[in-house]
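Enquirer: Sharing a model prediction with you, sequence too.
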Amino acid sequence: MVDDSVYLIYRAMGRSYGHSCLGLAVSRDGINFERRQKPFYYGGGHLNESFGIEDPRIVRIEDKYYLIYTAVSEDLDGEIDRSWREEIAKKPMIALSTTKDFLTFIDYDVIIPNLSGKDSSFFPTKVDGKYWLLYREGVGKTYFAKSSTLTSWQERILVFEERPGYWDCKRTGIGAPPIQTEKGWLLFYHGVDDANTYRLGIMFLDLKNPSQILYRSPEPVLEPEKDYEKSGYIDNVVFTCGAIEKNGQYYVYYGASDRVIGLATVEKKSVLDLF
């Protein structure tokens, strides 16, 4: 939320531009959006962004917006993932830019060097002068770390990973940035099963010790059901990078099969009553 408007930042790729970049759409009611005609952000032009940038997650800390995204380049030593359309190995890395006005940016480039990772976000507050961060390394392990500099991350602690036999048995990662509630830090997160179907679940982390899980969905709360969720660029995907609290509900914005953006809502009370 920016003032009384919802800013929706999304990944897009044009026919005349072969790399993904970020677009911006704005709404007063959170449902009807007006898209900006030109890309919102291209990235910093770094070599590790040679395939573009994607999966943006944004939080406001004090008077500044922190935009964490995945910088993507070719992984010359990696293996091709046969479940994806692109017949090339990709290397994702965690990058950061900040802005105060959504017009000019300070580019930090990759903030965790030598790490192939993604699905990252800051917590929307500093604690004892330090930034708190969640990020994924590999295919399913999400870690918590702290930093006072934005470039050196300490106290790396495993928070969650895949669960054999569950709907999130193959791959997991955060979805929307953490939302502070009286019950704990609320996460709408994603999980993938052996059939490569992406679903969303809910998790609560302890407010003071976010490496401690208070609740984790035994079943998904959103899964591909509509045609546009089951068929697209990548089939059977619902994947969120942003959620807000509005009118006593959580608005969860999600990508559907990597082709369109959807909105799902859930009552705040029903979420907080899960445990």
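Expert: Done, it's in. Residues are numbered from 1 along each chain as shown.

Enquirer: I'd guessed Y131 sits against F122; true?
Expert: Yes - counting by C-beta atoms under 8 Å, Y131 touches F122, with 5.8 Å between them. Just so you know, the C-beta spots here come from the backbone N, C-alpha and C atoms, and that holds for glycine as well.

Enquirer: Between those two, point out the one with more neighbours.
Expert: F122 (24 against 21; other C-beta atoms under 10 Å).

Enquirer: Mind listing the shared neighbours of Y131 and F122?
Expert: I61 (C-beta atoms under 8 Å, 6 or more residues apart in numbering).

Enquirer: Adjacent strands (with direction) for the host helix or strand of Y251?
Expert: Y251 belongs to strand 249-256 when assigned by DSSP states H and E. Looking at strand 249-256 with DSSP bridges, its partner strands are strand 238-246 (antiparallel), strand 260-267 (antiparallel).

Enquirer: wait, which of those is closest to L150?
Expert: strand 238-246 (20.1 Å; C-beta to C-beta).

Enquirer: Going by neighbour count, which residues in the closest one are buried?
Expert: 238-244 (16 or more other C-beta atoms under 10 Å).

Enquirer: ok, the residues you listed vs D55, which is closest?
Expert: Nearest to D55 among those: C241, at 5.6 Å, using C-beta to C-beta.

Enquirer: P210 is nearest to which of the strands paired with strand 249-256?
Expert: Among the strands paired with strand 249-256, if distance is taken as C-beta to C-beta, the winner is strand 238-246, at 16.9 Å.

Enquirer: any idea where the strands of the stretch 1-150 of the chain begin and end?
Expert: For the stretch 1-150 of the chain, strands defined by DSSP state E, counting those that start in this stretch occupy the ranges 6-12, 21-27, 34-35, 52-61, 64-74, 90-99, 106-110, 117-122, 131-137, 141-147.
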